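[1] Quick one, what's the 3D model for this:
(one chain, ligands or ions: 1)
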Amino acid sequence: MTVTRVVPEDVSPGSLRAWQRAKSSIGGGVSSGLRAGFQPYPIFVERASGPLMWDVDGKEYVDFVGAWGPMVLGHSHPGIVDAVAEVLPRMQMPGTGHALEYEAAEAVLEAVPGAERLLWSNTGTEAVQIALRLARAHTGRMKILKFNGAYHGWHDSVLVGLTQSPPNIESGGQNPKVLEDVVVLPFNDADAVTETLERAAELDIAAVLIDPILNSGGGVEPDPHFLETLRAQCSKHGVVLIFDEVITGFRVARGGASERWGGQPDLVVFGKALANGFSQSAVAGRADIIDRVNVDVWHAGTYNGNPIALAAVKAAMAAYAEPDAYARLERVATRFEEGLADVVRRTGVSADIHRVASIVWINTPDPKLGASLVGELAGRGVLLLPRGEMFVSMAHGDEHVDRAVAAFADAVEAISGRG
Ligand SMILES: Cc1ncc(COP(=O)(O)O)c(C=O)c1O
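    The predicted structure follows:
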């Protein structure tokens with residue numbers, strides 16, 4: 001197949017101009033490094049509603065970027081907008097206490113099986129750090145066991161074992177000493193975990209940290225009983241089990257990964273969909289571990305418990321509790337997966353369609369083809385992540401996924417030179 005590229009000028013002329021301007025005032029031209037990977041360039045958005053976004057030229061897109069995961073309810077969900085609008089003129093950040101702190105906490109704890117207490121913070125990266133600190137304080141041990149390919153935020157201490165094999169630091173300026181505190185094992189390898197945790201005390205392992213679907217490793221469902229094995233082994237060897245549910249939380253099920261795949265964690269980290277588009281994260285779980293903050297664990301943050309974001313959390317929890325919300329999400333995502341897979345079968349394009357819950361991937365072994373597909377789809381009004389990942393939301397209906405499937409068929413035809 002000859003891979004042809006979209007004509008960048010045609011995709012979104014206003015975005016191209018904005019992108020060129022942004023590069024002179026913002027490092028890298030984007031506010032988070034990964035966004036620079038969008039083909040042919042990041043789309044500059046003027047407005048977003050439900051499953052749709054409009055660029056600075058007024059062109060409409062079906063959005064599967066979903067802000068890289070948070071928008072499980074879609075953009076500008078009325079419940080979220082109303083809740084935020086009610087708080088906004090009343091207060092911004094009191095820095096003392098306010099009712100939304102415990103009201104939103106109660107709503108989260110009610111949704112998540114086994115969670116007794118939580119701490120608020122702003123981003124997933126931060127909440128992972130708090131969870132690790134609690135685990136270290138609780139066990140008196142220092143090392144963290146994580147899995148190959150798993151991303152847990154950009155902080156030095158966990159930016160290891162993501163793309164480098166054998167595990168190495170992933171960023172310029174990262175302190176290589178962090179490698180001493182991390183053990184990296186293959187995902188879904190229950191035997192390797194069992195063998196390693198047999199020596200947990202000797203190896204000084206405080207915690208097992210897992211993204212239950214290895215999202216940044218291409219999305220892998222945990223094998224049946226894998227999470228339960230982690231649970232059993234952690235309990236046996238006095239290790240804290242931490243589910244990093246920054247991606248899976250409130251997406252794969254209302255109660256998260258343990259509701260769907262079993263294996264009750266000691267601590268669980270939420271971000272992204274927790275506030276459906278506002279900066280808010282939390283670490284929730286066992287009260288005896290969280291309550292280390294009353295003993296010796298330092299947990300702070302000027303913007304922790306921001307009332308605007310917590311109003312969004314409370315409203316999001318109410319929306320996630322709607323009957324059939326997750327069944328409908330799964331049904332639409334399945335229709336999307338099947339539609340895309342049918343195009344692959346019909347055209348023979350070298351791609352593989354893969355789905356975990358409401359996340360669908362177009363994987364291709366050819367990076368040039370992958371980049372070309374992302375650009376061609378943007379040209380046809382469909383947005384997805386540079387790595388071929390697509391987040392389906394509760395605002396997407398059959399008509400939106402069908403539109404995207406038709407655009408995919410068209411893009412494949414154009415790329416293969418038949419269009
Ligand atoms: C599994 C996982 N953990 C942690 C993070 C970090 O969250 P944040 O970007 O909010 O710092 C991410 C971000 O994508 C993530 O996917």
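[2] quick one: residue 402 and the ligand, what's the gap?
    Distance of residue 402 to the ligand, given as Cβ to the nearest ligand atom, to the nearest Å: 28 Å. C-beta coordinates here come from the backbone N, C-alpha and C atoms, glycine included.
[3] Please disregard the earlier target; I meant residue 17.
    Distance from residue 17 to the ligand, by Cβ to the nearest ligand atom: 28 Å.
[4] Same question for residue 261.
    The gap separating residue 261 from the ligand is 15 Å, by Cβ to the nearest ligand atom.
[5] so who does that residue touch?
    For residue 261, the contacting residues are 212, 221-222, 224, 226-227, by Cβ atoms under 8 Å, 6 or more residues apart in numbering.
[6] could you redo the last one with a cut-off of 10 Å?
    By Cβ atoms under 10 Å, 6 or more residues apart in numbering, the contact set of residue 261 is 212-213, 221-228, 248, 252-253.
[7] Can you lay out those residues as JSON lines showing pLDDT and distance to the ligand?
    JSON lines is the format used below for the contacts of residue 261 (pLDDT from 0 to 100; distance: Cβ to the nearest ligand atom, whole Å):
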{"residue": "212", "pLDDT": "98", "distance to the ligand": "9"}
{"residue": "213", "pLDDT": "98", "distance to the ligand": "9"}
{"residue": "221", "pLDDT": "97", "distance to the ligand": "15"}
{"residue": "222", "pLDDT": "98", "distance to the ligand": "14"}
{"residue": "223", "pLDDT": "97", "distance to the ligand": "19"}
{"residue": "224", "pLDDT": "93", "distance to the ligand": "22"}
{"residue": "225", "pLDDT": "94", "distance to the ligand": "22"}
{"residue": "226", "pLDDT": "98", "distance to the ligand": "17"}
{"residue": "227", "pLDDT": "98", "distance to the ligand": "15"}
{"residue": "228", "pLDDT": "97", "distance to the ligand": "20"}
{"residue": "248", "pLDDT": "98", "distance to the ligand": "8"}
{"residue": "252", "pLDDT": "98", "distance to the ligand": "12"}
{"residue": "253", "pLDDT": "97", "distance to the ligand": "16"}
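[8] Of the residues you listed, which belong to helices?
    Judged by DSSP state H, helices contain the following of the contacts of residue 261: 226-228.
[9] quick check, nearest of these to residue 149?
    When the ones in helices among the contacts of residue 261 are ranked by distance to residue 149 (Cβ to Cβ), residue 226 comes first, at 14.9 Å.
[10] thought that closest one was touching residue 213?
    No: if you go by Cβ atoms under 10 Å, residue 226 and residue 213 don't touch, sitting 11.2 Å apart.
[11] Looking at these two, which is more packed in?
    Shown here are residue 226 and residue 213; by other Cβ atoms under 10 Å, residue 213 has more neighbours (25 against 20).
[12] thinking again about what came up before, which residues are in contact with both of residue 226 and residue 213?
    Common contacts of residue 226 and residue 213, defined by Cβ under 10 Å, 6+ apart, comprise 187, 261.
[13] Ramachandran coordinates for the closest residue to residue 35 other than its chain neighbours?
    Excluding the flanking residues, the one nearest residue 35 by Cβ to Cβ, 6 or more residues apart in numbering is residue 42, at 5.4 Å. When quoted as degrees, to the nearest 10, the phi and psi of residue 42 stand at phi -70, psi 140.
[14] I'd like the distance between residue 42 and residue 385.
    Distance, residue 42 to residue 385, using Cβ to Cβ, to the nearest Å: 11 Å.
[15] Mind listing the shared neighbours of the two?
    Shared contacts of residue 42 and residue 385 (Cβ under 10 Å, 6+ apart): 35, 65.
[16] pretty sure residue 392 is touching residue 69, no?
    No: contact status for residue 392 versus residue 69: not in contact, 11.3 Å apart, counting by Cβ under 10 Å.
[17] Alright, calling it a day.
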